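In: Can you look at this prediction? I've put the sequence above it.
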Amino acid sequence: MQIRRFVVKAGAHVLFACGDSSQSAGAMYRLVLFDLDATLLDSRRQICDANVSAIARLTQAGVRVGLATGRPPLSVAPYVERARPNAPLVHFNGAMVRDFESGAVLFERALARDVAASCLGIVRAQGFHANLYVGSQIWIEASTPTSQESERKDGVPHTVVGPLVDALASAPRAPTKILCIGPPTAVPALTQALGAAHGAQVALVNSEPSYLEILPPGCSKLVAAQHLAAHLGLALTEVMAFGDNLNDLELLTGCGLGVAMANSHPRVLAEVATHIGHHDSDAIARFLEGFVIEGGALRPVSS
């Protein structure tokens, strides 16, 4: 992978960036997808003014902008109000694509109930906390410091239902995903146990050091982006995506241009050729300044 490196200074900030030949002379990007946590959101879980302005520049010129996140629809509402994306959004790390304005669901997958129940048993046996996502609700067994921190992050009240396996048996619908939270050092063992028990019946993704997400089989941000792009009449090569963690990796390497934040997981930095600054800077806005907009598409200034 050939990488060119350069430094952009923005006031007191120094934004380190690198890119490769994927920004070819003919490259045009008509859909831009942003991961939220540790990408578009800073450490305070806010979107800086510069990035809001950059997104407005895109949408006002006809570029489609969306979010690709592990969060459910209710959790992204404040960020939709702030950033005002104009494309449907990817939720649950790819298990749903939904138009925020109309509420129309364009793509959705759910876990089989029996598989979800078995996974919950394994998660509990390994001492992990579990959030069970059922419709618009997030179910937990009991309120704990771990659940309270997760609730603060989601910005959505969690519902205490007692033993999750029992609650699942009478749930009005199959769950969308299970979020497992525990010590980062224990995540590999849980991943191995779930994979051994259910293999192709689930998709497993490590979205943060202490998070393991159990998704419906075949779900990922890349698969969801393919559905979203097709809905908009676009090719995946016309998609630019920003991200930072392992749940973003497939999307970043599979779309037209993947952009990794400086604070990304080491594997993301190793496998994604284009890097920009830290999520606590205006690196996204500065990077987008390197593109002109023609006919609702972004084109690198150098082309």
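Out: Cool, got the structure.
In: going forward, measure contacts between C-alpha atoms and count neighbours the same way
Out: Will do.
In: Spatially central residue in this protein, please.
Out: When the chain is reduced to its mean C-alpha position, the closest residue under Cα atoms, centre = their mean turns out to be Thr69, at 2.8 Å.
In: Please tell me the pLDDT value assigned to that residue.
Out: Listed pLDDT for Thr69 reads 98.
In: Repeat that for Gly218.
Out: 96.
In: How about Ser302?
Out: Confidence per residue is given as pLDDT, and for Ser302 that number is 72.
In: so it sits in a strand?
Out: No. Assessed with DSSP: H, G, I helix; E, B strand; the rest coil, Ser302 is coil; it does not lie in a strand.
In: how much space is there between it and His278?
Out: Ser302 sits 24 Å away from His278 when distances are taken as Cα to Cα, to the nearest Å.
In: Among those two, which residue is more densely surrounded?
Out: His278 (22 against 10; other Cα atoms under 10 Å).
In: Now for the protein, the helix or strand with the poorest mean pLDDT.
Out: The helix or strand of the chain with the lowest confidence, counting by mean pLDDT, DSSP states H and E, is strand 4-10 at a mean of 36.
In: What residues are bridge-paired with the residue lying closest to His158 once chain neighbours are set aside?
Out: Leaving out its chain neighbours, the residue that sits closest to His158 by Cα to Cα, 6 or more residues apart in numbering is Ile138, at 5.1 Å. In this structure, Ile138 has beta-bridge partners Tyr133, where bridges are defined by DSSP bridges.
In: Make residue 1 into 43 and carry on from there
Out: Renumbered: residue one is now 43, and that last one reads Ile180.
In: Regarding the residue nearest to the centre of the chain, what are the backbone dihedral angles?
Out: Summarising the backbone geometry of Thr111 under the convention degrees, to the nearest 10, its torsions are phi -140, psi 160.
In: isn't it right up against Phe134?
Out: Yes. Proximity of Thr111 to Phe134 meets the contact threshold set by Cα atoms under 8 Å, at 6.4 Å.
In: Ala96 contacts Leu330, doesn't it?
Out: Yes. At 7.1 Å, Ala96 and Leu330 qualify as touching, with contact defined as Cα under 8 Å.
In: how about the strands of the stretch 93-242 of the chain, start to end?
Out: In the stretch 93-242 of the chain, strands defined by DSSP state E, counting those that start in this stretch lie at 106-109, 131-133, 138-140, 147-150, 171-176, 179-182, 201-202, 219-223, listed in chain order.
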